[in-house]
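Chemist: structure of the sequence below:
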Amino acid sequence: MATKYYLAIADRQRGESSWSIIFPDFPGVTSVAGTFADVMHQAKEALATAVEDMERDGETLPPSVEDDAMPDYDRAAFHDPRALLVPVETKGRALRVNVSLNEGLLARIDDVSKRTGLSRSALLARAARMLIATEANS
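Modeler: The predicted model follows:
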């Protein structure tokens, strides 16, 4: 996996308590946060979902900040815009690794793998992502 950064704009209209979040590079990808403290979490979730969908469908991701791309946006369309650089994990080159696991645990992993239709590697990667996300939110 590789980390890329994309611009998000958080804005709160006059008289509103919630923050709207948009991504100029990802038309139609939006989110809402109840407080500014929740904006980054909501932005990360929305962007991660969009990127996963695009990668699954074989679509090309827009250029990111790492590609020296910074989208322009109409600042007049916002009341009080806050620009954020939002990180997202993208597909990277698969690497072969050697790990040691208890044989009982490995049997349980293989059982779940068969039931879910995921390969052992895909199941372990999914579990690792879930744990990392949980740890990042605590």
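Chemist: enumerate every residue touching the residue nearest in space to the middle of the chain.
Modeler: In the chain, the residue lying closest to the centroid (Cα atoms, centre = their mean) is Ala48, at 2.0 Å. By Cβ atoms under 8 Å, 6 or more residues apart in numbering, Ala48 lies in contact with Val88, Glu89. In this view, the C-beta of every residue, glycine as well, is placed from N, C-alpha and C.
Chemist: by contact count, what packs against the lowest-mean-pLDDT helix or strand in the chain?
Modeler: Every helix and strand in the chain was compared by mean pLDDT, DSSP states H and E; the lowest is helix 120-136, with a mean of 85. Where contact means 3 or more Cβ pairs under 8 Å, 6 or more residues apart in numbering; DSSP states H and E, helix 120-136 is packed against helix 103-116.
Chemist: pLDDT below threshold where in the chain?
Modeler: Low-confidence segments of the chain (pLDDT under 70): 1, 93, 137-138.
Chemist: how is it divided into domains?
Modeler: Residue ranges for the domains of the chain, per automatic domain parsing: 1-93, 95-138.
Chemist: still on that earlier bit, got the contact list for the least confident helix or strand of the chain?
Modeler: Contacts for helix 120-136 (Cβ under 8 Å, 6+ apart): Glu89, Ala94, Ile109, Asp110, Val112, Ser113, Thr116, Leu118.
Chemist: check stretch 84-94 too.
Modeler: In contact with stretch 84-94 (Cβ under 8 Å, 6+ apart) are residues 1-10, 23, 39-40, 43-44, 47-48, 51, 55, 61, 65, 121, 129.
Chemist: on that earlier part again, buried set for the least confident helix or strand of the chain?
Modeler: Leu123, Leu124 (16 or more other Cβ atoms under 10 Å).
Chemist: now that helix and helix 103-116, what's the angle there?
Modeler: Relative orientation of helix 120-136 and helix 103-116, computed by axes from the mean of the first three to the mean of the last three Cα atoms, to 10 degrees: 100 degrees.
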